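>>> just the structure for this:
(chains A and B)
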2 protein chains.
Amino acid sequence: MTRQIKLGAFLPGGGQHIAAWRHPDAPADGATNFQFHRRLAETAERGLFDAYFLADNLSVGLGGREGGNAKIAGFEPVTLFAALAPLTTHLGFIATASTTYEEPYTLARKFASLDLLSDGRAGWNVVTSAGDETARNFNRESQPSHAERYQRAHEHVETVKALWDSWEDDAFIRDKTTGRFFDAGRVHDIDHRGKHFSVKGPLNAPRPVQGHPVVVQAGQSEDGRKLAAASAEVIFTAHQSLASAQEFYRDIKARVKRAGRNPEHVLIMPGVAPFVGRTEEEARSKYEELNALIVPEDGVALLNGLTGGTLDLTGYPLDEPLPVSDETEGMKSRQALIRKIADEHGFTIRQLYQWIATARGHYTVVGSAEQVADQLEEWFLSDAADGFNILPPWLPGALDDFVDLVIPILQKRGLFRTAYEGRTLRENLGLPRPANPWTLGRATVQAAE
Amino acid sequence: MTRQIKLGAFLPGGGQHIAAWRHPDAPADGATNFQFHRRLAETAERGLFDAYFLADNLSVGLGGREGGNAKIAGFEPVTLFAALAPLTTHLGFIATASTTYEEPYTLARKFASLDLLSDGRAGWNVVTSAGDETARNFNRESQPSHAERYQRAHEHVETVKALWDSWEDDAFIRDKTTGRFFDAGRVHDIDHRGKHFSVKGPLNAPRPVQGHPVVVQAGQSEDGRKLAAASAEVIFTAHQSLASAQEFYRDIKARVKRAGRNPEHVLIMPGVAPFVGRTEEEARSKYEELNALIVPEDGVALLNGLTGGTLDLTGYPLDEPLPVSDETEGMKSRQALIRKIADEHGFTIRQLYQWIATARGHYTVVGSAEQVADQLEEWFLSDAADGFNILPPWLPGALDDFVDLVIPILQKRGLFRTAYEGRTLRENLGLPRPANPWTLGRATVQAAE
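Got it, this is the predicted structure:
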């Protein structure tokens, strides 16, 4: 079969753009409105998206205390997706959950449950939950170091996978005549004892329909790339240019190969925030309409928040460039990224927060449906992407535009499906169902005999 | 309004009785079959039950490794209930979650999410998750002591409630014109610092529709009764006789009053496992039919498991009384309870496990619909119960029987509703919506000015 674009839909109910909730066509309460999320899921399924994706924080979040941020309160992703699963039939659900603040047993179980009740449509986006604000909701004064978080993440993911495998696929007999419900020889303790976790198992849930829910990762740091190469099957990533996306794509696929895994089974999906119009002018006016809705204080708070408080732009003139400041070690990465974007585009403070407000570092495309399709096609055909995570800047309009205007063009070009290929998320993504090491071990022994 | 019976439906998909899955009319895979749970929820709602209730373990559970136990693997309750909520309109959902192995922030959030998406139908059954097998899934060799678990439970519940209150009800403004999404003066850090938890807050979810999801408790020990009197709004309990239920009812209502709470706002609901027939004979044959399905090894394993391994009945003749054994301090409570039931009824080992297999210590009623209704009426009218947690021994048949045969009699007698009174679980149970202390504090200040 011809290689086709895979599509995730990144749909926080409050919209992606910081002012999305103020859009005339958006429900102001979208973030906490279940019926609205239901509508979004139905639209994504109508558009044949592979999955609905939700990011997550375990605190009120960046810049969230200033009064204008609609993302400050919402649904826990697995709970929300469980509710949406029976209302849909093919759409996958990729929920974010933390390896730093959740236990492997609890996490393995909730994803196994979601996979079971959705008949194989669950995915886990593995995050380490940065930030001291989050740590303070979980009995700590400050977060564990980046290195420690990633060490723990490696061990966590392996423990969760072992729990998913603790029941073999054919462990359940359910023979009413003999009264044998399961084969005790096909359920296994995992007896994990590591630096961060001790977990005996087995899990009190059957092996997931997909074997494992699809494992997703989004880290861009060296540690993040290592984790992704070791365990991720889908990688969400943020790039502002084709060259940057290509470099990342090459690097990850090479790492995956060195790790002894098949690069075709690790899908790289950059984020794209599309403003789609019937014409380029219409798209541009949509971009400007939304940016005009940003309350300046919220825009500045967003920038301050993104730099982790190491840069305070409060009080500086909005229509002039960023003030010069001494760089210190502690503020390197985030502040440097912000400054780099400002320098590259020659942005004022206002232009910078408008740019950031749309997609927080993801690629923003403003154009006609044909132009947007062209961009996706170019990235897809030039080793920069296996698919895309679409971040509609406001909801539901920007999702509707993408589904109604862009998807048909991609379909016409043979770049996107016209019907779901399979029943599970894994089948639609073209990812193999993982073998169970216990079953595999027995088969090997039998073959040798 | 006349006082009426409240009803919970205790519906593990695999059925309550140890051999329920072997019943000719039960689906053998009910425990892990989502569509079957959906059917059960629809039947419970048709019967106008207040809530669907699910117990929970964080391990494969008592006697679960012997090959015949259908409860060994299933759904995580909140995930399952989230999926059932949009498929129903009035039924409440009371999910069990652990104060020993879950963090307050995570727990508060998932119940707030369930309450939000169900439009106010969530309840939390607070448990401390006894057992070393569970502890070993969460980085421990053995469980914390009973006293420590209950200390932690008190602090946990108070922290969760504070998180639910961290947003005031009117905190969200969502004014598109001004761009003010919320009132920063109406969202609060909780700054909890206790012996077991440090949690800064606020929660990243709005205050639940019900203020707080209904808080449920089931402990019978002294520590359990203290916790229930301090914080529970519904209490599930197990009694084999009217006298025992009356003693418990009196004791709890008195404790609640001493704690400064209104006894009418704490509902006591004993568990009842009904075998209902059109005649008493039919009911009795249903009881015997199900008991004949118990594999003897599973029955003995159940008894061994219930005594925590302090009594091993393996190999003893099934149709003779329990062997005599020395009592030691460590095996006192559970083994003593088992022996007490055997002595009171003059049971053999087989008769004992048959009795226990039905409802594990709950009250088993075998009779015609009129007789079952009579029993419930007697307990309800003689200060033993405000309602009942119905545990149908097998599913779906025993639930159908209760809904089709017993409920109409209770309704005819004016003892049970003929339509839901309200929209939320709290409204149907007749429980008040808790005030928010922050809002209350402001009102008090304003009144004093």
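>>> backbone phi and psi for A:Ala122, please?
phi -100, psi 150 (degrees, to the nearest 10).
>>> list the contacts of it.
A:81, A:92-95, A:111, A:114-115, A:208, A:210, A:213-214, A:425 (Cβ atoms under 8 Å, 6 or more residues apart in numbering or on different chains). For the C-beta atoms, the positions are set from N, CA and C on the backbone; glycine is no exception.
>>> again, only this time at 10 Å
A:51, A:78, A:81-82, A:85, A:92-95, A:110-116, A:208-210, A:212-214, A:424-426 (Cβ atoms under 10 Å, 6 or more residues apart in numbering or on different chains).
>>> then A:Glu42?
A:84, A:87-88, A:91 are the contacts of A:Glu42 under Cβ under 10 Å, 6+ apart.
>>> ok, now A:Phe34?
So A:Phe34 contacts A:13, A:75, A:80, A:83-84, B:82, B:85-86, B:113, B:116-119 (Cβ under 10 Å, 6+ apart).
>>> cool, and A:Val366?
Here A:Val366 is in contact with A:273-277, A:280, A:283-288, A:358, A:372, A:393 (criterion: Cβ under 10 Å, 6+ apart).
>>> at 7 Å what do you get?
A:275, A:283-284, A:287 (Cβ atoms under 7 Å, 6 or more residues apart in numbering or on different chains).
>>> output the contacting helices and strands for the strand or helix carrying A:Arg152.
Using DSSP states H and E, A:Arg152 sits within helix A:146-164. Packing partners of helix A:146-164 (3 or more Cβ pairs under 7 Å, 6 or more residues apart in numbering or on different chains; DSSP states H and E): helix A:104-117, helix A:222-231.
>>> lowest average confidence across those, which one?
The weakest mean pLDDT among the helices and strands packed on helix A:146-164 belongs to helix A:222-231, with a mean of 91.
>>> same list (the contacts of A:Glu42) but as a markdown table, adding pLDDT, secondary structure and neighbour count.
Shown next, in a markdown table, are the contacts of A:Glu42 (pLDDT from 0 to 100; DSSP: H, G, I helix; E, B strand; the rest coil; neighbours: other Cβ atoms under 10 Å in any protein chain shown):
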| residue | pLDDT | secondary structure | neighbour count |
| --- | --- | --- | --- |
| A:Leu84 | 98 | helix | 26 |
| A:Leu87 | 98 | helix | 15 |
| A:Thr88 | 98 | coil | 18 |
| A:Leu91 | 98 | coil | 27 |
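>>> reformat the contacts of A:Val366 as a markdown table; add pLDDT.
Below are those laid out as a markdown table (pLDDT from 0 to 100):
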| residue | pLDDT |
| --- | --- |
| A:Phe275 | 96 |
| A:Ala283 | 97 |
| A:Arg284 | 95 |
| A:Tyr287 | 93 |
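>>> highest neighbour count among the residues you listed?
Among the contacts of A:Val366, A:Phe275 has the most neighbours (other Cβ atoms under 10 Å in any protein chain shown), with 27 neighbours.
>>> just the angle for the host helix or strand of it relative to helix A:222-231, thanks.
Assessed by DSSP H and E, A:Phe275 sits inside strand A:267-277. If you take axes from the mean of the first three to the mean of the last three Cα atoms, to 10 degrees, strand A:267-277 sits at 110 degrees to helix A:222-231.
>>> having no further points to raise, I will conclude here.
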